[in-house]
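Trainee: Predicted structure and sequence below. I'll ask about it afterward.
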Amino acid sequence: MNSPNSPAAPGADATLDLELASLERKFATLASHVRALRAANAELARELAAANTRSHQQSEKLVEARRRLDMLLARLPAAIDGESA
């Protein structure tokens, strides 16, 4: 067995350097993916907010259309009764 003070096996430094370089590349790739996902998430959040705004506006229009239709229907029987007289 090697003791902590014994010299490293030949090529151990090169192997460690290769492993570190590989980990650095993997970390850089991961960081790039995280940035891309954050940007996509921010865009989706903006799109969702816009869709929610449109939905709220459409709901308001629907409520107004129902109110106007109810008013027209309330007048309809009076108009029909007035014509049959």
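Mentor: Thanks, I have it.

Trainee: any low-confidence regions in the protein?
Mentor: Of all residues in the chain, those with pLDDT under 70 make up the ranges 1-10, 77-85.

Trainee: And the helices in it?
Mentor: Ranges of helices in the chain, per DSSP state H, are 12-84.

Trainee: residue nearest the centroid of it?
Mentor: residue 44 (3.5 Å; Cα atoms, centre = their mean).

Trainee: which ones are touching that one?
Mentor: Listed by Cβ atoms under 8 Å, 6 or more residues apart in numbering, the contact set of residue 44 is empty. Heads up, the C-betas are built off the backbone N, CA and C, glycines and all.

Trainee: And it, how close does it get to residue 50?
Mentor: In this view, residue 44 and residue 50 are 11 Å apart by Cβ to Cβ, to the nearest Å.

Trainee: And for residue 75?
Mentor: In terms of Cβ to Cβ, residue 75 sits 38 Å off from residue 50.

Trainee: burial count for residue 16?
Mentor: By other Cβ atoms under 10 Å, the residues close to residue 16 number 11.

Trainee: Distance-wise, check it relative to residue 70.
Mentor: For residue 16 relative to residue 70 (Cβ to Cβ), the value is 79 Å.

Trainee: again, but for residue 48
Mentor: 32 Å.

Trainee: Please apply the same query to residue 41.
Mentor: Residue 41 is 43 Å from residue 70, by Cβ to Cβ.

Trainee: what do you get for residue 52?
Mentor: Residue 52 is 27 Å from residue 70, by Cβ to Cβ.

Trainee: Please consider this matter closed, and thank you.
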